[in-house]
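Q: Turn this into a structure:
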Amino acid sequence: MKIFKMQCGLDLELRINIGSIMVVRSRVRRRNGEPLDLMRIIDVADPRDPEHAKMDLLEEITGDVLLLVEILYSLFKAQLDSKKISEEDFYTMISGEDIENVVDLLMVELIDFFPAAKQRVLRKIWDTVTMMQARAKKMLDEVIDTPEFDARIQNVLDGLFVGDPQESLELSRQN
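A: From the prediction side, this is the model:
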């Protein structure tokens, strides 16, 4: 069990077990309409061959914030109901930072659910994914913090305005 500490001050217990996996499967649909099966978040058909692991569900969840939040609501529904927090209120309360923080928490809890042999493979894959994400974030930060990036932004903005920026704004409002 992990504690999900939301920015709004709400603490929720994240527990992955057969019951919670079944709740998600019954409530949440993937983009293709199929039930979302957390047991297949990283599908390793052959643990000796993790290179061919299917990670399309992981990519779908981490790439679709709304799907992730729907999963979270399903996992926390009983606790939210006991606190008299509606689905809409939960969606309003969860912040971007919460979403960023909960992905790792969810993955670690999910990996811990599996038998030891599969845990080891899944943990290695997840560690590699998080290392690659950190590397990509660092590279992006390095690009953003350059004068060249600032110049590119300025060029794009200059191209949006013809002459006086106030006149361009007024012209765009008229159209």
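Q: contacts, neighbours, all on C-alpha from now
A: Fine.
Q: What helices and strands are in contact with the strand or helix carrying residue 135?
A: Assessed by DSSP states H and E, residue 135 sits inside helix 116-144. With contacts taken as 3 or more Cα pairs under 8 Å, 6 or more residues apart in numbering; DSSP states H and E, helix 116-144 sits against helix 96-113.
Q: shouldn't residue 25 be in contact with residue 35?
A: Yes - with contacts counted by Cα atoms under 8 Å, residue 25 reaches residue 35, the gap being 5.2 Å.
Q: Now find how far off-centre the helix or strand containing residue 158 is within its chain.
A: Applying DSSP H and E as the criterion places residue 158 in helix 147-160. Remark: helix 147-160 is offset 30 Å from the chain centroid, using Cα atoms, centre = their mean, to the nearest Å.
Q: likewise stretch 57-76?
A: Distance, stretch centre to chain centre, for stretch 57-76: 6 Å (Cα atoms, centre = their mean).
Q: just the CA coordinates of that stretch, formatted as PDB?
A: Provided in PDB are the C-alpha atoms of stretch 57-76 (Å, rounded to 0.1, in the frame of the first residue of the first chain):
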ATOM      1  CA  LEU A  57      -1.000   0.100 -22.300                       C
ATOM      2  CA  LEU A  58       1.700   1.800 -20.300                       C
ATOM      3  CA  GLU A  59       2.200   4.300 -23.100                       C
ATOM      4  CA  GLU A  60      -1.600   4.800 -23.400                       C
ATOM      5  CA  ILE A  61      -2.000   5.500 -19.700                       C
ATOM      6  CA  THR A  62       1.000   7.800 -19.400                       C
ATOM      7  CA  GLY A  63       0.100   9.600 -22.600                       C
ATOM      8  CA  ASP A  64      -3.500  10.200 -21.700                       C
ATOM      9  CA  VAL A  65      -4.000  12.200 -18.600                       C
ATOM     10  CA  LEU A  66      -7.800  11.800 -18.700                       C
ATOM     11  CA  LEU A  67      -7.500   8.000 -18.800                       C
ATOM     12  CA  LEU A  68      -5.000   8.000 -15.900                       C
ATOM     13  CA  VAL A  69      -7.300  10.200 -13.800                       C
ATOM     14  CA  GLU A  70     -10.200   7.900 -14.600                       C
ATOM     15  CA  ILE A  71      -8.100   4.900 -13.400                       C
ATOM     16  CA  LEU A  72      -7.200   6.800 -10.200                       C
ATOM     17  CA  TYR A  73     -10.800   7.600  -9.500                       C
ATOM     18  CA  SER A  74     -11.700   3.900  -9.900                       C
ATOM     19  CA  LEU A  75      -9.000   2.900  -7.500                       C
ATOM     20  CA  PHE A  76      -9.900   5.600  -4.900                       C
END
